[in-house]
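Trainee: 3D, please:
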Amino acid sequence: MQMLRYLLNFLLFTSLFISGCALMMVHQTNQLLHLQYDYPDYYLFVFFATLCSYNFHWYLTPDMPQETMRIGWTTRNRNLHLALFIIGMIGSGWYFFHFIQHWFWLMGAVVLTFLYSAPKLQFFPFQHLSKIAIGKTIFLAFVWMYVTAFLPLAITGRQWELPSILFCVSRFFLVYALCIMFDYRDRLYDKAQGIRSMITHFSEKGVDRIFAVSLAIFAVSTIWFSLLISAGKIGCIMLLIPGAISAIIYPYAKKNFNDYLYYFVIDGLMMLSPLLTLLLPSH
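Mentor: Predicted coordinates:
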């Protein structure tokens, strides 16, 4: 049991798990939108870039007075975060050049990803970003949508049509709803640190409304997308399941801040529908 817990902690807290989630989300984009490009190399680019970004973020995360399991693990393994950051940077840099002809769109992903963690850098001008980052949650959800949905479409050069737009909208609002739960959990710490976000700005009822609207937009855009690509009832349900589970666990997640709930269950919801849609027949 102790070995299993160690392996689970390693998988989650090194961000290998969330990197796998990102890879599966890209695969779903390719599958549902029938994209044709050098996707194995792009999978590796996304995996290493996610590993790089998240380990950079956690390496810069300071110790907190109310220590969580993950913060304790990070404190003890900060050198491992640094090593994984370097490995991720080398790997993503290598595969970046495989898509150098699309450098403009790729640099958008690099800059956006860096800016999310930049406020943790303790020197000018980055430390001031936390004071003005009112849209922190929106920003993170946009980065996930950009890397896992928008960029594959941009690389293929496909003309934008309604299904592609709806797919990006659906993905953004699902990730945004999940990010709201994380920001609600961290709201007291963010307020103490002077970090501004919509979640720290609104009351609890206001946050509940934002969460409900996000899931409603996710549901509408997902159903509309499913109808346009003729995914059928089963395919539509598969795409909607993560949103339904998010709605069910939301009240519980507001009271229970267990790291496994957040970094395995809630993060894992991003990978759930990509895993389910693997069962759909190809056409």
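Trainee: so which helix or strand takes in Tyr43?
Mentor: helix 39-60 (DSSP states H and E).
Trainee: list the buried residues for that helix?
Mentor: Residues of helix 39-60 classed as buried by neighbour count (16 or more other C-beta atoms under 10 Å): 39, 42-60. For every residue, glycine as well, the C-beta is placed using N, CA and C.
Trainee: mind giving me the packing neighbours of that helix?
Mentor: For helix 39-60, the packing partners by 3 or more C-beta pairs under 8 Å, 6 or more residues apart in numbering; DSSP states H and E come out as helix 16-33, helix 78-96, helix 103-117, helix 151-156.
Trainee: list the contacts of Tyr176.
Mentor: Contact analysis of Tyr176 by C-beta atoms under 8 Å, 6 or more residues apart in numbering lists Thr137, Ile138, Ala141, Ser214.
Trainee: for Phe114, that is, sorry about that
Mentor: Under the criterion of C-beta under 8 Å, 6+ apart, the neighbours of Phe114 are Ser53.
Trainee: ok, Phe167 next?
Mentor: Taking C-beta under 8 Å, 6+ apart as the criterion, Phe167 is in contact with Thr29, Leu32, Leu33, Ala149, Ser221, Phe225.
Trainee: any chance of CSV for these, columns distance to Gly232, pLDDT and neighbour count?
Mentor: What follows is the contacts of Phe167, written out as CSV (distance: C-beta to C-beta, whole Å; pLDDT from 0 to 100; neighbours: other C-beta atoms under 10 Å):
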residue, distance to Gly232, pLDDT, neighbour count
Thr29, 19, 96, 22
Leu32, 12, 94, 22
Leu33, 16, 94, 18
Ala149, 21, 97, 24
Ser221, 17, 97, 21
Phe225, 13, 96, 25
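Trainee: just for this protein, where's the confidence low?
Mentor: Within the chain, the set of residues satisfying pLDDT under 70 comprises 63-67, 117-135, 188-200, 282-283.
Trainee: one more time with 90
Mentor: Low-confidence regions of the chain, defined here as pLDDT under 90, cover residues 1-3, 57-72, 75, 103, 105-140, 157-159, 183-207, 230-235, 257, 279-283.
Trainee: tell me which element the residue positioned nearest the centre of it falls in.
Mentor: Taking C-alpha atoms, centre = their mean as the criterion, Trp144 is the residue nearest the geometric centre of the chain, at 4.7 Å. When elements are defined using DSSP H and E, Trp144 is found to belong to helix 136-145.
Trainee: what is the orientation angle of that helix with helix 16-33?
Mentor: Taking axes from the mean of the first three to the mean of the last three C-alpha atoms, to 10 degrees, one finds that helix 136-145 is oriented at 60 degrees with respect to helix 16-33.
Trainee: send the alpha carbons of helix 136-145 over as CSV?
Mentor: Presented in CSV, the C-alpha positions along helix 136-145 are these (Å, rounded to 0.1, in the frame of the first residue of the first chain):
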residue,chain,number,x,y,z
LYS,A,136,-6.2,34.2,-14.0
THR,A,137,-8.7,31.4,-14.3
ILE,A,138,-9.9,32.4,-17.7
PHE,A,139,-6.3,32.7,-18.8
LEU,A,140,-5.4,29.1,-17.7
ALA,A,141,-8.5,27.7,-19.4
PHE,A,142,-7.6,29.5,-22.6
VAL,A,143,-4.1,28.2,-22.6
TRP,A,144,-5.4,24.6,-22.3
MET,A,145,-7.9,25.2,-25.1
